[in-house]
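1. predicted coordinates and the sequence they were generated for:
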Amino acid sequence: MTKARKAILRALENTTEPTSVTELAKQLSDFCDPATVYRNLHYLEKNSLATSFVLHCSEHGTERYYSAKAGKGHHHWFHCESCHRFIDLGGCFYTEQMRQFESEHGFTIHDHTFYLTGVCQSCKEELGL
Ligand SMILES: [Zn+2]
Ligand SMILES: [Zn+2]
Ligand SMILES: [Zn+2]
C-alpha cells in the first residue's frame, strides 16, 4: 500500500463520522493533492476497505462521504441540516427486509444507502425549536 493510501485509510479509521472527499483533501493537503485523495478513495472502496454514500446538503452541496470498512462500515446516519454533523443510528437493521425484497422481486441487492436529514437536538435547543 502506498504512503498516501495508508494516510487516507488512517484518517478514515480515526473518525467516527463519514467524511467528505473535500474534507479529507483538506486534512491531507500537506501530504497529497486532491486528485490523489480522490483516486485512492476510489481504490479503497473498490477493494472493500472503505464504503461511501452521496449526500446532498444545503451547506456542502452534493458530496460523497467515506467511512473505513474496518471501523463503522455500512451504518445508518442522521445528518443535521444546521450544524452538519452526522449522528450514528447504528448498524443495518434492514437485513430481513432486504431478503424479503430479493425473494419478492428476484433481484440481488448489493448495496443501499440510508440516512435521515433534519435538525439535531442541540441545534433545536439553540434555535429555540
Ligand atoms: Zn445540529
Ligand atoms: Zn450538511
Ligand atoms: Zn443499511
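-> That came in fine, so what should we check first? Bear in mind the structure is a predicted one, so any value in this text is a computation, not a measurement. Ligands and ions are numbered 1, 2, ... in the order given.

2. so residue 81 sits against residue 60, correct?
-> No: look at residue 81 against residue 60 with CB atoms under 8 Å: they stay out of range, at 10.7 Å. (Each C-beta comes from the backbone N, C-alpha and C, glycine too.)

3. quick one, longest helix in this protein?
-> In the chain, with assignment by DSSP state H, the single longest helix is helix 34-46.

4. so how far is it from its chain's centroid?
-> The gap between where helix 34-46 is centred and where its chain is centred comes out at 14 Å by CA atoms, centre = their mean, to the nearest Å.

5. got the buried residues for it?
-> For helix 34-46, burial by neighbour count (16 or more other CB atoms under 10 Å) applies to 36, 37, 40, 41, 44.

6. now do the second one, the pLDDT please.
-> Okay, so that is residue 37. Looking at residue 37, its pLDDT is 94.

7. residue contacts, it?
-> Neighbouring residues of residue 37 by CB atoms under 8 Å, 6 or more residues apart in numbering: 4, 8, 21, 24, 25, 28.

8. if we use 10 Å, what do you get?
-> 4-5, 7-8, 11, 21-29, 31, 66 (CB atoms under 10 Å, 6 or more residues apart in numbering).

9. in those residues, which has the lowest confidence score?
-> Across the contacts of residue 37, no position has a lower pLDDT than residue 31, which has 83.

10. which residues in the protein form strands?
-> Ranges of strands within the chain are 19-20, 50-57, 61-68, 75-80, 86-91, 115-118, based on DSSP state E.

11. get me the contact residues on the chain for ligand 2.
-> In this structure, the chain approaches ligand 2 at residues 57, 59, 84, judged by CB under 5 Å from the ion.

12. among the contacts of residue 37, which ones are buried?
-> Buried by 16+ other CB under 10 Å: 4, 5, 7, 8, 11, 21, 23, 24, 25, 27, 28, 66, out of the contacts of residue 37.

13. which of those residues sit farthest apart?
-> Set against one another by CB to CB, the buried ones among the contacts of residue 37 have their most distant pair in 5 and 23, with a gap of 17.5 Å.

14. ok, back up a step: list, out of the contacts of residue 37, those positioned next to ligand 3.
-> Contacts with ligand 3 within these, counted by CB under 5 Å from the ion: none were found.
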